[in-house]
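*Asks:* Sequence first, then the predicted structure:
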Amino acid sequence: MENNLTQPVQAAEHVLSLCKAFNDVQATIARDLHKFSTWQAPPDGFLKVNVDGSIFANLRKAGVGIVLRDTSGGIVMAASKNELEVDEAVTIEFIVVLRGLQPCLPLGIPNLIIESDCLNVVQELQSTKDLYASAGNFIK
């Protein structure tokens, strides 16, 4: 390439070096991912509700799922629900937070942690700024 000639041995060494670097990065990512993706029980006196949503665009439907767990990881309650006419991922993620709260509020759970895998939703819910987008109504 561009009149640069690389000897086969040098090319092989370079490829092996790249392969080793790739494998090292993959191992680090896998280790870090496991550390961050492992479910952690809530502290004593708390319950945790894990929420997630998904969109089935071809059916014009979406689904939400919630799991409420205690400090030992035992399932207190689990539920799922179909949602109609939701076509934005962020919207279903806001809806699933709302659906996660709905059964918990009447039970009078004093200490509740909500856990979502949608960083945008988490940041918006933690923000003190008003949101004027379509999801602003969910936040309010």
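*Replies:* All right, it came through fine.
*Asks:* Do you know the pLDDT at the one residue sitting closest to the centre of the chain?
*Replies:* Nearest to the geometric centre of the chain sits residue 117, at 1.5 Å (CA atoms, centre = their mean). Note on residue 117: pLDDT of 87.
*Asks:* who's in contact with it?
*Replies:* By CB atoms under 8 Å, 6 or more residues apart in numbering, the contact set of residue 117 is residue 52. C-beta coordinates here come from the backbone N, C-alpha and C atoms, glycine included.
*Asks:* what do you get for residue 60?
*Replies:* Applying CB under 8 Å, 6+ apart to residue 60 gives the contacts 84-85, 87.
*Asks:* Closest one of those to residue 93?
*Replies:* Using CB to CB, the shortest approach to residue 93 within these belongs to residue 87, at 12.9 Å.
*Asks:* picking up where we left off before, and the residue nearest to the centre of the chain, how far from residue 52?
*Replies:* Using CB to CB, to the nearest Å, residue 117 is found at 6 Å from residue 52.
*Asks:* can you check residue 11 too?
*Replies:* From residue 11 to residue 52 the distance is 46 Å (CB to CB).
*Asks:* and if you look at residue 46?
*Replies:* Counting by CB to CB, the gap from residue 46 to residue 52 is 20 Å.
*Asks:* So which residues of this protein form strands?
*Replies:* For the chain, the strands defined by DSSP state E cover 47-56, 61-69, 75-84, 112-116.
*Asks:* Now find how far off-centre the third one is within its chain.
*Replies:* On the basis of CA atoms, centre = their mean, to the nearest Å, strand 75-84 is displaced by 17 Å from the centre of the chain it belongs to.
*Asks:* can you list contacts of that strand?
*Replies:* The contact list for strand 75-84 (CB under 8 Å, 6+ apart) reads 47, 53, 60-70, 92, 95, 99, 103.
*Asks:* and those, which are buried?
*Replies:* Buried residues within those, counting neighbours by 16 or more other CB atoms under 10 Å: 47, 53, 62-69, 92, 95, 99.
*Asks:* can you redo those residues as a markdown table with pLDDT and distance to residue 21?
*Replies:* Output for the buried ones among the contacts of strand 75-84, formatted as a markdown table (pLDDT from 0 to 100; distance: CB to CB, whole Å):
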| residue | pLDDT | distance to residue 21 |
| --- | --- | --- |
| 47 | 94 | 44 |
| 53 | 91 | 37 |
| 62 | 89 | 41 |
| 63 | 90 | 40 |
| 64 | 92 | 41 |
| 65 | 93 | 39 |
| 66 | 93 | 42 |
| 67 | 94 | 39 |
| 68 | 94 | 44 |
| 69 | 93 | 40 |
| 92 | 86 | 38 |
| 95 | 87 | 42 |
| 99 | 89 | 44 |
